Every structure is written in structure tokens, then in C-alpha cells.
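Undergrad: Please work out how this folds:
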Amino acid sequence: MNTTRSLNYQISRLGFGCAILVLVTAVIAAFLPLDVPEGHSATHTDRIAWLLENRDMFILGWINQILAMLGLSGVLLAAAWQIRKANTLRAILAAATVFASVIAFLIPKFIAVWTIPLLADTVAIDPASNPLANTLLLLLNVSVPYSLFTSFDYLGFWLYAVFGLLVAVPLYEKKPSLKVAAVTLGAFGMIYHILLGALLWGAIPAVEIEGWFLGASALLLIVVLAMLLNFKGEMVSSR
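TA: Okay, the predicted model is just below:
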């Protein structure tokens, strides 16, 4: 096995493992809460009480989200590798957007694991003597779409959308599984930017932001499944 084939095999194996990780964490996510039920309309007091009662499950839920994000980013990086020969510059730019998205996603998710539980504990001891903790907990609401926390998350998905637009056309020129991934990535990239324009235009109410944007992001699961099949074939052909 020469160096190029060895590298192709290793990247395909990495992408395959990352795709499996995404699917496993997607299943686990159905059983782990990320915020108080009806978080968008829940009161601050109810949210603090819920965080104190469900601290461990909340932390596990967001650790699972970190793993899911890293897995999906690995799949996308391996997808960018597929266009490196004919579209080297696009591959580099696409990889750069994924690396930037990891930072954008990691900041709020680490805050959810580290900062939010500590803030809830601090506020619960004596809310009146901890105005800073109270204010920060309000700013870091994980359900309100215009909070500082969720702004980073939507930034990460926007970078994924840019990635989709960068790789969709060159990726479509490959095998059938990559064509499915290319069409889905292109659709996600366009839909996300259309939604972003509608949001900035004022056509999407705040209470509907999560449903619209996260609904569009569900397309990325199709990408993961298509790339999973591709990576499996690449691993066989690179041996």
C-alpha cells in the first residue's frame, strides 16, 4: 500500500468512525435533556430549579452534543478530502470553515457543561447576592434563540451551510453516494441562507427560529448516511 492509498484509507476510516459516532449520539440524544421542558417559555426560576434537579443529565446531554458535533465535523472534513485533487482551493476553504465551526460550536457546548451548572448552583445559594451569576445565566439560556449561547450554535450551523455550498458542485461529480451527499449539502446550504435572509428581514418570529433552522439542519443526517456508504467503499478500494 503506497502512501497515497494509505492516507486515503486512514481518512476514510476516520470518516466512517465519525459517521458511526454521529448516528450513535443521535440515538442517545433522544434520552438526554438539553434544557427544561418548554425552555423557550419557562421562567428563570423554573429553569434554575430544573437545572439543580437534573444537573447530571444536563451535563451528559451536552457532552453527547460535543461528541456529535466532533463526529459530524470529522465526516465533513473527510468529505472535503474527496474533492482535493480537482478542486484544491475549495477543499482548503471548506476544511477551514469546518475548523471554524468546531470553535463556534465548542464554546457554547463547553459553557453548557462547565459554566451553566455552576451558575445555577451559585444563584440557588443566594440570588440577591449574586447578580452577576443571575445575569450570566439569563444570557446563556440554551433555548432562547437570541441568547448569547444560541448565537454561537447558529453561527456553527451557518459555517456548515457555507461548507455545503463550497463542496456541493465538485462532490456531485463523484460516485452515487457522493451525489446524494452533494445534493443534500447544497440544499442545506441554500435553505439555511434563505432562512437567514428571512430572519434578518423579520419574516420568522423568534419562537419559530429553532423549528425552522434545526429542521433544516436535520438534512445533515442524510449527508452522514450517504458518506457512511462512501467511506465503506473507499476503505475496501484502498486496501
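Undergrad: What residues of the longest helix anywhere in the chain count as buried?
TA: What stands out as the longest helix in the chain, according to DSSP state H, is helix 88-125. Residues of helix 88-125 classed as buried under the neighbour-count rule (16 or more other C-beta atoms under 10 Å) are 90-91, 94-95, 97-98, 101-102, 104-109, 111-113, 115-117, 119-120, 122-123. (Glycine included, C-beta is placed from N, CA and C.)
Undergrad: just how off-centre is stretch 166-179 within its chain?
TA: 21 Å (C-alpha atoms, centre = their mean, to the nearest Å).
Undergrad: which residues are in contact with that stretch?
TA: Under the contact criterion C-beta atoms under 8 Å, 6 or more residues apart in numbering, stretch 166-179 has outside partners 79-80, 82-83, 86-87, 90-91, 93-94, 97, 181-183, 185-186, 189, 226-227, 229-230, 233.
Undergrad: again, 7 Å this time
TA: For stretch 166-179, the external contacting residues (C-beta atoms under 7 Å, 6 or more residues apart in numbering) are 79-80, 82-83, 86-87, 90, 93-94, 97, 181-183, 185-186, 189, 226, 229-230.
Undergrad: How about stretch 82-99?
TA: So stretch 82-99 is contacted by 73, 76-77, 80, 159, 162-163, 166-167, 170-171, 174, 178 (C-beta under 7 Å, 6+ apart).
Undergrad: Ok, stretch 202-216 next?
TA: Outside stretch 202-216, the residues that touch it by C-beta under 7 Å, 6+ apart are 40, 145, 146, 154, 157, 188, 191, 192, 195, 198, 199.
Undergrad: what about stretch 27-43, average pLDDT?
TA: Mean pLDDT, stretch 27-43: 89.
Undergrad: Figure out the length between the terminal residues of stretch 199-217.
TA: This stretch, stretch 199-217, spans 16 Å end to end (C-alpha to C-alpha, to the nearest Å).
Undergrad: For that stretch, what does the pLDDT average out to?
TA: For stretch 199-217, the mean pLDDT works out to 90.
Undergrad: Check which residues of it are buried.
TA: For stretch 199-217, a neighbour-count test (16+ other C-beta under 10 Å) marks 199, 204, 209, 210, 212, 213, 216, 217 as buried.
Undergrad: List just the nearest of these to residue 50.
TA: residue 210 (18.0 Å; C-beta to C-beta).
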